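Novice: Need the 3D shape of this:
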Amino acid sequence: MKVIVSAVLLLVLITGCEQISQKKSTEAADKNQGSEVVLETAKVEQKKDIIKAVKPEAIYWQQARVKYLNFEGGFYGLITHNGDKYLPMNLDKAFEQDGAIVNIQGKIESNMMTIQQWGKPYKISNIQLIKAGRVKVPEQDK
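Specialist: Numbering: from 1, shown residues only. Next up is the predicted model:
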């Protein structure tokens, strides 16, 4: 009888230790898995930032009027139908026509200052003439 009771007690003791060991292993695995999830989430967020930084801006066509402005030495600006003012950084001489209507594609050059201090600096990638304007000949210094 003592042998049977001893065997049962030993069996209960071993089973209890095994359950405690499994519980601790499961808790440790859960903690590690949580850490991995947090690290993985951080990696994904970093990848999203990289994707945002690499993703090019959408370049679309918009219509603008070319305007000659006679201050700061005289220059040509672009005024869109929305009223946005762009200072073209690379307007071709053929399009320097006061009052001309053009379709433009390009992008705003941020973090740039100009002596004109008018409009947003704008780098034209494509331009099409819709309606010709008048060629403005700047007045010569006498």
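Novice: first vs last residue of stretch 100-115, how far apart are they?
Specialist: 24 Å (CA to CA, to the nearest Å).
Novice: what does that stretch rub up against?
Specialist: Outside of stretch 100-115, the residues within contact range by CB atoms under 8 Å, 6 or more residues apart in numbering are 57, 59-66, 72-73, 78, 86-87, 89, 95, 120-133. (Glycine included, C-beta is placed from N, CA and C.)
Novice: Could I get the full set of helices for the chain?
Specialist: 2-54 (DSSP state H).
Novice: In the record's domain split, what are the boundaries for it?
Specialist: 1-55, 62-133 (automatic domain parsing).
Novice: In contact with residue 80, which residues?
Specialist: 62, 63, 64, 86.
Novice: Correction: the previous question concerned residue 72.
Specialist: Residue 72 sits in contact with 115, 116, 117, 118, where contact means CB under 8 Å, 6+ apart.
Novice: Please give the number of neighbouring residues around residue 100.
Specialist: Residue 100 sits with 22 neighbouring residues when counted by other CB atoms under 10 Å.
Novice: Could I get the pLDDT score of it?
Specialist: Note on residue 100: pLDDT of 94.
Novice: any idea how far it is from residue 110?
Specialist: 26 Å (CB to CB, to the nearest Å).
Novice: on that earlier part again, most widely separated two among the contacts of residue 80?
Specialist: 63 and 86 (12.0 Å; CB to CB).
Novice: Could I get the contacting residues of the closest residue to residue 106 other than its chain neighbours?
Specialist: Excluding the flanking residues, the one nearest residue 106 by CB to CB, 6 or more residues apart in numbering is residue 124, at 4.3 Å. Counting by CB under 8 Å, 6+ apart, residue 124 touches 88, 89, 90, 91, 104, 105, 106.
Novice: of those, buried ones?
Specialist: With neighbours counted by 16 or more other CB atoms under 10 Å, these contain buried members at 88, 91, 104, 106.
Novice: Show me what the third one bridges to in the sheet.
Specialist: In other words, residue 104. residue 62, residue 127 (DSSP bridges).
Novice: where in the chain is pLDDT low?
Specialist: Applying pLDDT under 70 to the chain flags the ranges 10-13, 15-59, 136-142.
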